[in-house]
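Trainee: what follows is a predicted protein model with its sequence.
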There are 2 protein chains.
Amino acid sequence: MRIKCKKSILSEGISIVSKAVSNKTTMPILQCILVEAVGGRIKLIANDLELGIETFIDGTIIEEGKIALEAKFFSDIVRKLPDSEIDIETNSDYKTTVYCEKTKAVVPCRSGEDFSYLPVIEKEKSISISQMTLRDVIRQTIFSISDNENTRLMTGECFEIKNNKLSVVSLDGHRISMRNIELKGENPDIKVVVPGKTLQEVSKILSGGIDDEVSIFFSDNHILFEFEDTRIVSRLIEGEYFKISQMLSIDHKIVVKANKRDLMAIIDRASIFIQETDKKPIVVSVKNDNNMYLRVDTNIGSLNEELEITKEGEEIIIGFNPKFIMDALRAIDDDTVNIYMYDSKSPCIIKDAEESYIYIILPININTSIY
Amino acid sequence: MRIKCKKSILSEGISIVSKAVSNKTTMPILQCILVEAVGGRIKLIANDLELGIETFIDGTIIEEGKIALEAKFFSDIVRKLPDSEIDIETNSDYKTTVYCEKTKAVVPCRSGEDFSYLPVIEKEKSISISQMTLRDVIRQTIFSISDNENTRLMTGECFEIKNNKLSVVSLDGHRISMRNIELKGENPDIKVVVPGKTLQEVSKILSGGIDDEVSIFFSDNHILFEFEDTRIVSRLIEGEYFKISQMLSIDHKIVVKANKRDLMAIIDRASIFIQETDKKPIVVSVKNDNNMYLRVDTNIGSLNEELEITKEGEEIIIGFNPKFIMDALRAIDDDTVNIYMYDSKSPCIIKDAEESYIYIILPININTSIY
């Protein structure tokens, strides 16, 4: 194989496919990027067998062929080469040399023969959304997946399409995050669970704006994201996702409207007093004087805060893990948030009027009589 | 004690003295910042018994007194408070409350009674140099101190003043870094070894430009840096520093003049091929064709590079640890560097004509016959 291409283009292609390079594996081939120059096009592929990414790059093919290059090394050397034309040549012994200006580097590689290509996905069921929207949706829900492999379904996000609406849900047993998006045109009804890692990598690769679309295809076991010259294929997580409709229909007795930035500043301070291990709550007390009083009391010290709010309904005292409130507030782009509560033992819900986002957070049990 | 001050001023003061807070100690008082409001001025002090820093901050004293506040916590809470006036009040039980707008925080603290103040330094021998110069001198030499506590003198830098010239030297057994500065006026002759950690912290705190001076005082066991409202006192390292005059007077047979940026790019690429553990050299070959050929050959792969240079003297083949060359080049601000060599077994010297900087690097033994 022999190809020529611009450093900047090759570097960008490597950066895209590198996200599917396995970094904990005993199979050296999974740590490689396959460079394939066939049929007039140059393709880079990486595949850790859960997640596979391929992207086409512009360049000139002087001799067709393919080679599997050690990904970390290949990425490092290309990044450090001058911003000029790169010439990659593989001889019959699979020895690969990279030339660029006066540099000549022989790089570690393997025959591409035992490289696993991406599975072929039937393109029957699909939707199309803006790259920016998908990136936002992932950012606004990914934080509440679980990292516990024993509850495998919780390590993914549920993508459900129903009546031309896409709902993306993540949950970890303490909280639920949900984003709802109206889709254009007619769309199939689908419900799948996508691995969190896949979504994290997809959101890093998607660089397009609101007008750049990404097509998403669904098969029984895989999801395929396709945009521009790139295809990302991931296995789905098998199993029936959790039913959350009951949680979504919880009633409320109190609605609080608060300034998001002020509330975040308070919770940020509160978190200094609360160590991960001691699981102390931030105690939130909503009073009829249109103030929210927030309080933390730990063996480190104590914090008392108050925040002007507007309120409908009763007074309430309720305790939360400040991290859960913070994660939800960070994901919300609005300046003002609406918090719906029922009593000190029921989950609180932060959502907008259109329910484009819904964050449900379980409270921490507190002895309300002492506050 | 009760004081009031601006958040921004307090925060900056904490950031300065925090560099002398011990983070590995069994003595809780060493993890504290002492706030002392006495004689109409507010002073912050931290002292880990090796390094001590005190700084005055502007503010209002309502009641004189002092208190030792847990540094990490105090720093976190102040940083996260609104940019407004902060009110700190300590009651007779040493309970300290920080007020700011609607926030009230009770913070962890101790009586200041057993806090160690900074030692008093005789102000007999001193020099004065620009803050920017001192910061540059530290940056340009600190990388070649040793972190091995068994060779304690190597963990510091030698500050020597002789004939109104300041020489700062660091060495780790493989290389020597030296910076020479002309001092203004008449200065005492001095030779001391300053701990590397002290210099690292001093260079972080010095924020002034070329026209802002720092006074440095020397006593038998301590060094004191004084500028604006801040004083930094450090113990010196005891012992006789290494004699390097013999190394400085090495002869040379070859002088190479190279573009610094191009040479750095090559060494940066070479370092990808060389792992810390395998100690392979970059082999530098200077030819009469006014090219420098650089080569790395490891079990990962190989790299061949060439660089146009101008040369006086013989041809040479010599091997180096690329990290040592890189560290020296990074510290040099000139666009072109002069490299002086004698033979493949003798140290190479990178220095400017005025010897304002001198970097001496020992070669790695190579079998020159195979290149």
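Mentor: Looks like it came in fine. Numbering: from 1, shown residues only, chains lettered A, B, ... in the order given.
Trainee: contacting residues around the longest helix along chain A?
Mentor: Scanning chain A for the longest helix, with DSSP state H as the assignment, gives helix A:260-273. Applying CB atoms under 8 Å, 6 or more residues apart in numbering or on different chains, the external contacts of helix A:260-273 come out as A:280, A:282, A:292, A:294, A:296, A:298, A:300-303, A:305, A:307, A:322-323, A:325-326, A:329-330, A:332, A:334-337, B:73, B:76-77, B:80-82, B:103, B:105. No exception for glycine: its C-beta is placed from N, CA and C like everyone else's.
Trainee: so what's the model's average confidence on the helix or strand harbouring A:I232?
Mentor: Remark: A:I232 resides in strand A:230-235, with elements defined by DSSP states H and E. Mean per-residue pLDDT for strand A:230-235: 98.
Trainee: that older thread, need the buried ones from the contacts of helix A:260-273 selected in ChimeraX.
Mentor: The ChimeraX command for the buried members of those (criterion: 16 or more other CB atoms under 10 Å in any protein chain shown) is given here:
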select /A:280,282,292,294,296,298,300,301,303,305,307,322,323,325,326,329,332,337 /B:73,76,77,80,81,103,105
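Trainee: contact residues of chain A facing chain B?
Mentor: A:73, A:76-77, A:80-82, A:102-108, A:265-266, A:268-269, A:272-273, A:300-307 (CB under 8 Å from any CB of the partner chain).
Trainee: the stretch 1-150 of chain A: strands as residue ranges?
Mentor: Remark: strands assigned in the stretch 1-150 of chain A by DSSP state E, counting those that start in this stretch are A:2-6, A:32-38, A:41-47, A:51-57, A:60-63, A:65-70, A:85-90, A:96-100, A:103-107, A:109-110, A:125-130.
Trainee: in the sheet, which strands lie alongside the fifth one, parallel or antiparallel?
Mentor: Each strand pairing with strand A:60-63, determined using DSSP bridges, is listed with its direction: strand A:2-6 (antiparallel).
Trainee: chain center to the strand it pairs with, what's the gap?
Mentor: Distance, stretch centre to chain centre, for strand A:2-6: 33 Å (CA atoms, centre = their mean, to the nearest Å).
Trainee: for that strand, buried residues please.
Mentor: Of the residues in strand A:2-6, A:R2, A:I3, A:K4, A:C5 count as buried by neighbour count, 16+ other CB under 10 Å.
Trainee: stretch A:39-46 too?
Mentor: Residues A:I42, A:K43, A:L44, A:I45, A:A46 are the ones in stretch A:39-46 that count as buried (16+ other CB under 10 Å).
Trainee: cool, and stretch A:108-128?
Mentor: A:P108, A:C109, A:R110, A:G112, A:F115, A:L118, A:I121, A:K125, A:S126, A:I127.
Trainee: for that stretch, list the C-alpha coordinates in PDB.
Mentor: Output in PDB follows, covering the C-alpha atoms of stretch A:108-128 (Å, rounded to 0.1, in the frame of the first residue of the first chain):
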ATOM      1  CA  PRO A 108       4.900  -0.400  14.500                       C
ATOM      2  CA  CYS A 109       2.200  -2.200  12.500                       C
ATOM      3  CA  ARG A 110       0.500  -5.500  11.800                       C
ATOM      4  CA  SER A 111      -1.000  -7.200   8.700                       C
ATOM      5  CA  GLY A 112      -4.600  -6.000   8.300                       C
ATOM      6  CA  GLU A 113      -5.700  -9.600   7.600                       C
ATOM      7  CA  ASP A 114      -7.200 -10.400  11.000                       C
ATOM      8  CA  PHE A 115      -8.700  -6.900  11.600                       C
ATOM      9  CA  SER A 116     -12.400  -7.000  12.400                       C
ATOM     10  CA  TYR A 117     -14.500  -4.800  10.000                       C
ATOM     11  CA  LEU A 118     -17.600  -3.100  11.200                       C
ATOM     12  CA  PRO A 119     -20.800  -5.200  11.100                       C
ATOM     13  CA  VAL A 120     -23.200  -4.400   8.200                       C
ATOM     14  CA  ILE A 121     -26.300  -2.700   9.500                       C
ATOM     15  CA  GLU A 122     -29.600  -3.000   7.700                       C
ATOM     16  CA  LYS A 123     -30.800   0.500   6.900                       C
ATOM     17  CA  GLU A 124     -34.500  -0.100   7.400                       C
ATOM     18  CA  LYS A 125     -35.400   1.900  10.500                       C
ATOM     19  CA  SER A 126     -33.800   5.300  10.800                       C
ATOM     20  CA  ILE A 127     -34.200   8.900  12.100                       C
ATOM     21  CA  SER A 128     -32.400  12.000  11.300                       C
END
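Trainee: avg pLDDT for it?
Mentor: Mean predicted lDDT for stretch A:108-128 stands at 94.
Trainee: care to break chain A down by domain?
Mentor: A:2-110, A:125-245, A:250-370 (automatic domain parsing).
Trainee: sorry, back to before: out of the buried residues of stretch A:108-128, who's nearest A:A353?
Mentor: A:I127 (25.0 Å; CB to CB).
Trainee: need the contact list for the residue nearest to A:C5 when sequence neighbours are not counted.
Mentor: Excluding the flanking residues, the one nearest A:C5 by CB to CB, 6 or more residues apart in numbering or on different chains is A:G59, at 3.0 Å. A:G59 makes contact with A:I3, A:K4, A:C5, A:K6, A:I9, A:L10, A:I42, according to CB under 8 Å, 6+ apart.
Trainee: low pLDDT regions in chain A?
Mentor: A:371 (pLDDT under 70).
Trainee: those helices in it, which residues are they?
Mentor: Going by DSSP H, chain A shows helices at A:7-17, A:71-80, A:131-139, A:196-205, A:245-248, A:260-273, A:322-331.
Trainee: take those helices and lay them out in CSV including distance to A:N91.
Mentor: What follows is these, written out as CSV (distance: least, CB to CB, whole Å):
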stretch, distance to A:N91
helix A:7-17, 20
helix A:71-80, 17
helix A:131-139, 40
helix A:196-205, 33
helix A:245-248, 62
helix A:260-273, 58
helix A:322-331, 52
